[in-house]
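Any chance you could fold what I've pasted below:
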Amino acid sequence: MQAVMARRGVDALLLATPHLAAFASGARRVQVAGSGGGLPWVVIVAGAPSAVVFTADPDGAPSWMPRVAIEPLLWDRGRALRRLAELVAPARGAIACDTFSPLLRDAIGRPLIDAAPLLAEAMVPKTADEVAAVKTTLRAARTALRGAVRAAGPGEPVAALIAAVAESSAGCFPLGEGFVWRIGSPFVRLAATDVLGAGDVVALELGLSHAAYAGVAGDTVAVGGGDLTAARRAWFAVLCAIAKRCRRGATAADLARAATAAGARREGLLAHGLGVGVEPPFIDLDGGDAEPLRPGTVLVLTPVVAGFRATRALLVTEGSPRWLEGAP
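Numbers count the residues shown, from 1 in each chain. As a prediction, the model looks like this:
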């Protein structure tokens, strides 16, 4: 993170998003008051030996972190803002933040720039160990999803599908919930209290976090049985068309064009990165991002084709992409 900050002329980085802060600081199990999105709870200053972590649980900080870098959460907003301003005061270059708060900007007295490009550069290329950790969690997520599919019977509430995830040994993310949509135009997100009807076609997705790394699994099922073979084959053909373009140097626009030409429909993201959480790049069919894919990027492809949605993860390499899991 320090190396990327130096390359981009950023002298201070403030992070409030839990998985981004965990990646940047090495801290785990850091508890955040309220929503956790209002004020940064990890601060990195260029040249500092460690991030500064604001936490209600000091045990969440790594053992190598200096104790002076572990600070208690400040429940008073004014005190928190003043302390953040003190920490970044030595910075002479740009100050980047992953959330925008006018109060924070005013307290610091300087403009804040978007930390997203910096974070993407630092987080996207995965080491072999990181890829192995993601594969393990992908496997756990797919196993949990199969349990949820078995719970998708007529008359069952959506809560039964979500509860099936609890059978997995991994922790849930984000917010400990699964997602269920009734297939239609557009998809309709179902609430936990909604009841499934015989013949409903629903798309499911859930995320798990294990040993700090995330896995996502999604599939489509006909409640009470039903033949989705043709829809699944159409989805798989589009999936392969997109995967062929997931090579070094390809852009979001390249993937969007391939997906559109193959028959994907506009419904949510086409693909997203995966690591300690859902990460950049975020690609949709309207995406015009010219940032090229880099080797070491883990991508979860999520095309919607003929009323069918599923996920499959791959790794961008120096050559052909490599699937990290079997087809759902």
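
Now do the residue lying closest to Lys126 once chain neighbours are set aside against Val188, distance only.
In this structure, Lys126 finds its nearest non-sequential neighbour in Gly296, 4.8 Å apart by CB to CB, 6 or more residues apart in numbering. For glycine as for every other residue, the C-beta is placed from the backbone atoms N, C-alpha and C. When distance is defined by CB to CB, to the nearest Å, Gly296 is 36 Å away from Val188.

cool, and Pro72?
Taken as CB to CB, the span from Pro72 to Val188 is 43 Å.

These two - which one has more neighbours?
Val188 (12 against 9; other CB atoms under 10 Å).

Now do the same contact list for the residue lying closest to that one once chain neighbours are set aside.
Nearest non-adjacent residue to Val188, counting by CB to CB, 6+ apart: Arg182, 4.6 Å away. Neighbouring residues of Arg182 by CB atoms under 8 Å, 6 or more residues apart in numbering: 188, 190, 200-202.

Could you tell me which of the residues you listed belong to strands?
Among those, the subset assigned to strands under DSSP state E consists of 188, 201-202.

pLDDT wise, what is Gly287 at?
Note on Gly287: pLDDT of 68.

And Val316, by the same measure?
Looking at Val316, the pLDDT reads 96.

Just list whatever residues bridge to Cys97.
Taking DSSP bridges as the rule, Cys97 bridges to Leu14, Asp114.

biggest helix in the chain by residues?
helix 128-150 (DSSP state H).

for it, packing partners?
Applying 3 or more CB pairs under 8 Å, 6 or more residues apart in numbering; DSSP states H and E, we find helix 128-150 packed against helix 158-164, strand 201-210, strand 213-222, strand 312-315.

Show the average pLDDT along that helix.
Throughout helix 128-150, pLDDT has a mean value of 88.

Using PDB, list the CA coordinates for that helix.
Extracted in PDB, the C-alpha atoms of helix 128-150 (Å, rounded to 0.1, in the frame of the first residue of the first chain):
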ATOM      1  CA  ALA A 128      -0.400 -17.500  -5.200                       C
ATOM      2  CA  ASP A 129      -1.300 -17.800  -1.500                       C
ATOM      3  CA  GLU A 130      -4.200 -15.300  -1.900                       C
ATOM      4  CA  VAL A 131      -5.600 -17.200  -4.900                       C
ATOM      5  CA  ALA A 132      -5.400 -20.400  -2.900                       C
ATOM      6  CA  ALA A 133      -7.300 -18.700   0.000                       C
ATOM      7  CA  VAL A 134     -10.000 -17.400  -2.400                       C
ATOM      8  CA  LYS A 135     -10.400 -20.900  -4.000                       C
ATOM      9  CA  THR A 136     -11.000 -22.400  -0.600                       C
ATOM     10  CA  THR A 137     -13.700 -19.900   0.200                       C
ATOM     11  CA  LEU A 138     -15.300 -20.300  -3.200                       C
ATOM     12  CA  ARG A 139     -15.500 -24.000  -2.600                       C
ATOM     13  CA  ALA A 140     -17.200 -23.300   0.800                       C
ATOM     14  CA  ALA A 141     -19.600 -20.800  -0.700                       C
ATOM     15  CA  ARG A 142     -20.600 -23.200  -3.500                       C
ATOM     16  CA  THR A 143     -21.200 -26.000  -0.900                       C
ATOM     17  CA  ALA A 144     -23.400 -23.700   1.200                       C
ATOM     18  CA  LEU A 145     -25.300 -22.600  -1.900                       C
ATOM     19  CA  ARG A 146     -26.200 -26.200  -2.700                       C
ATOM     20  CA  GLY A 147     -27.600 -26.500   0.700                       C
ATOM     21  CA  ALA A 148     -29.700 -23.300   0.100                       C
ATOM     22  CA  VAL A 149     -31.000 -24.700  -3.200                       C
ATOM     23  CA  ARG A 150     -32.200 -27.800  -1.400                       C
END
